[in-house]
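Enquirer: Whatever this is, show me its structure:
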Amino acid sequence: MSMNLLFLTNRYPYGTGEAFIETEIHYLSNAFDKVLLLPIDADRTGDIRPLPSNVRIIKDVVHGPEDKNLLNRIRWALSMWGGVYGDVSFSSNKGRFSSKGLRRSLHNAVMAGRIKEMVTRLIEEEKVDLVYSYWSNYGAAGAVGAVRDKRNRITLICKVYGYDLSWERQDPPFVVFQNYLIKNLDKYLPDSKNGEMYLREKYPEYQSKISVRYLGTRSQGPSKMSNDRTFRILSCSSLIPLKRVHLIPESLKGINGRVEWTHFGDGPESKRIEAAASELIREKKDASISLKGNVSNSEIIYFYKEKRIDLFLHVSEYEGLPVSIMEAMSFGVPVVAADSGGIRELIGKNTGCGYLLPHDPTLNDIKNALTYFMNLSLDDLKEERLKTLKVWDKYTNADRNYSNFTEELKGMALRDKPRRYTNLS
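Expert: Model (predicted):
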């Protein structure tokens, strides 16, 4: 019995973003006969990352000249009126409604309506059994609109992380289409228990739809520790204000001993971070810094395998459960991280692994954490790395997590397949 999946991403497989999908896509391709990959926000230019042979990119232009046509935009927005109305009524009940929020909902409704038309066509032409959106966004909403309008028994699921989960990160503070999605999806899956609790508190009537599904990384074997009295720190994130990367060079000024800091990632704060790095080197002669910018995930993996790394440092203000931390842990690299989102599910007293900073760490908090690891004996460092690997294996081993997840998807898709394309009017 043939099983076909429609998988919505933002831009993957174009560019270097959404690197964590590079692992999951292989498990999806093994579970389904055909995977239709729809990047909803890609311009279809640039390099395409390697894909399994049964994964096909939907290359129709999502954003084209027709997007500027006023009649098209009105038609698309009206086709998603249920989602807009849900936003307005739900946010009003929570005391969060504003004209700015309405404008944001309408803007997203236009984009969702465009995706809805594409998904409707794909479902009919490709005999899709399950629709899986990697993000809780207008793409997921468009897919819901397509399936619910046709009243096909197609399974709909969506994952949710940090920005697309938390009302507090929005202005005004509510997440577009979140209420509409939770109401209409079969499953709404946060990447952490923290996210699960957050959503269940907001939507108690839909608790059965909301449950955590951890992401994962592959086993890579332990990385090497330093052996030359230099303490090597790695960080990996976008250079944007909420990641608070500027705290890293500022905190290193107060560290005694040779340190080497390497950062992967780029963004609008790059000039600020470069200036802070230059200042650190002027003030601390035994510090060295390497800002690598945006690179492919394979280059980061190569760095872990070939270079010596003593600690992974993450000080972001908002998070779900970062794959960058899972990746470090898969190499046995101890983690120091701010208490944000679901990070405490892997780091700190709950697991006995790594060092959990306060949510808003001071420079002294970060300095004390780094100094703690720098002063550990070789035996204690080895023990810390073993604990890190055990916690990674327990919670975020990709082979187990994605194998279980894809089996779950297949079971959901098979549930109503005999009646899938029967109109239920």
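Enquirer: Name the SS class of Leu8, please.
Expert: Classification of Leu8 by DSSP: H, G, I helix; E, B strand; the rest coil places it in strand.
Enquirer: now swap in Asn368 and tell me
Expert: Per three-state DSSP, Asn368 ends up helix.
Enquirer: Chain neighbours aside, what residue packs nearest to the residue most central in space within the chain?
Expert: A centroid search over the chain (CA atoms, centre = their mean) returns Tyr161, at 5.5 Å, as the residue closest to the centre. In space, and not counting its chain neighbours, Tyr161 is closest to Gly320: 3.7 Å by CB to CB, 6 or more residues apart in numbering. In this view, the C-beta of every residue, glycine as well, is placed from N, C-alpha and C.
Enquirer: What is the least confident helix or strand in the chain?
Expert: Ranked by mean pLDDT, DSSP states H and E, the weakest helix or strand in the chain is helix 81-93, scoring a mean of 68.
Enquirer: buried ones in the helix or strand just after that helix?
Expert: Next helix or strand after helix 81-93 toward the C-terminus (DSSP states H and E): helix 99-126. Neighbour-count burial for helix 99-126, counted by 16 or more other CB atoms under 10 Å, picks out 101, 104-106, 108-120, 122-123.
Enquirer: And stretch 164-184, by the same measure?
Expert: Buried-residue list, stretch 164-184, by 16+ other CB under 10 Å: 164-166, 170, 174-184.
Enquirer: Next: stretch 226-246.
Expert: Result for stretch 226-246 [16+ other CB under 10 Å]: buried residues 226, 231-239, 242-246.
Enquirer: returning to what we had before: ok, the residue nearest to Tyr161 to Glu345 distance?
Expert: 11 Å (CB to CB, to the nearest Å).
Enquirer: Then Arg415?
Expert: 30 Å.
Enquirer: Among those two, which residue is more densely surrounded?
Expert: Glu345 (19 against 15; other CB atoms under 10 Å).
Enquirer: Return every residue with contacts to both of Gly320 and Glu345.
Expert: Ser192 (CB atoms under 8 Å, 6 or more residues apart in numbering).
Enquirer: Might you list the low-confidence residue ranges for this structure?
Expert: For the chain, the stretches flagged by pLDDT under 70 are 44-45, 61-67, 85-98, 101, 149-152, 416-425.
Enquirer: could you pull out the strands for it?
Expert: Using DSSP state E, the strands found in the chain span residues 4-9, 34-39, 55-57, 130-133, 155-160, 187-190, 230-236, 258-264, 287-293, 311-314, 335-338, 355-357.
Enquirer: The chain: helices as residue ranges?
Expert: For the chain, the helices defined by DSSP state H cover 21-31, 70-79, 81-93, 99-126, 138-150, 178-184, 193-202, 247-252, 270-283, 297-306, 323-330, 363-374, 378-396, 398-415.
Enquirer: among those, which is nearest Cys353?
Expert: Closest to Cys353 of the helices of the chain, according to CB to CB: helix 378-396, at 4.3 Å.
Enquirer: Also compute the angle for that closest one relative to helix 323-330, please.
Expert: 130 degrees (axes from the mean of the first three to the mean of the last three CA atoms, to 10 degrees).
Enquirer: which of the residues in stretch 397-410 are buried?
Expert: By neighbour count on 16+ other CB under 10 Å, the buried set for stretch 397-410 is 397-398, 401-402, 405-406, 409-410.
Enquirer: how's this structure carved up into domains?
Expert: Domains of the chain are assigned by automatic domain parsing as 4-216+399-419, 230-396.
Enquirer: Can you lay out the ones you listed as JSON lines showing distance to Pro222?
Expert: Conversion of the domains of the chain to JSON lines gives the following (distance: least, CB to CB, whole Å):
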{"stretch": "domain 4-216+399-419", "distance to Pro222": "17"}
{"stretch": "domain 230-396", "distance to Pro222": "4"}
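Enquirer: before we move on, the earlier item: for Ser251, which of the strands of the chain is the nearest?
Expert: Across the strands of the chain, closest to Ser251 is strand 311-314 (CB to CB), at 8.8 Å.
Enquirer: which helices and strands sit right next to that closest one?
Expert: When contacts are defined as 3 or more CB pairs under 8 Å, 6 or more residues apart in numbering; DSSP states H and E, strand 311-314 sits against strand 230-236, helix 323-330, strand 335-338, helix 363-374.
Enquirer: Can you list the strands that the first one pairs with?
Expert: So that's strand 230-236. strand 258-264 (parallel), strand 311-314 (parallel) (DSSP bridges).
Enquirer: hey, which of those is tucked in deepest?
Expert: Highest mean neighbour count of those: strand 311-314, a mean of 26 (counted as mean count of other CB atoms under 10 Å).
Enquirer: Export that strand to PDB, keeping only CA atoms.
Expert: The C-alpha trace of strand 311-314 is given here as PDB (Å, rounded to 0.1, in the frame of the first residue of the first chain):
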ATOM      1  CA  LEU A 311      32.900  23.400  26.300                       C
ATOM      2  CA  PHE A 312      29.800  24.500  24.400                       C
ATOM      3  CA  LEU A 313      28.300  27.900  25.600                       C
ATOM      4  CA  HIS A 314      24.800  29.100  24.900                       C
END
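Enquirer: Now tell me what touches that strand from outside.
Expert: 231-237, 248, 322, 324-325, 328-329, 333-338, 343, 366, 370, 373.
Enquirer: Kindly report the same for stretch 112-124.
Expert: Under CB under 8 Å, 6+ apart, the answer for stretch 112-124 is 6, 8, 36, 38, 40, 58, 60, 62-63, 67, 72, 75-80, 83, 128, 131, 138-139, 141-143, 145-147, 149-150, 152, 154, 177.
Enquirer: filter those residues to the buried ones?
Expert: 6, 8, 36, 38, 40, 58, 62, 72, 76-77, 79-80, 83, 128, 131, 138-139, 141-143, 145-147, 150, 152, 154, 177.
Enquirer: got a list of what the residue nearest to Tyr161 touches?
Expert: With contact set as CB under 8 Å, 6+ apart, Gly320 has these partners: 160-162, 165, 190-192, 195, 341-342.
Enquirer: Alright, calling it a day.
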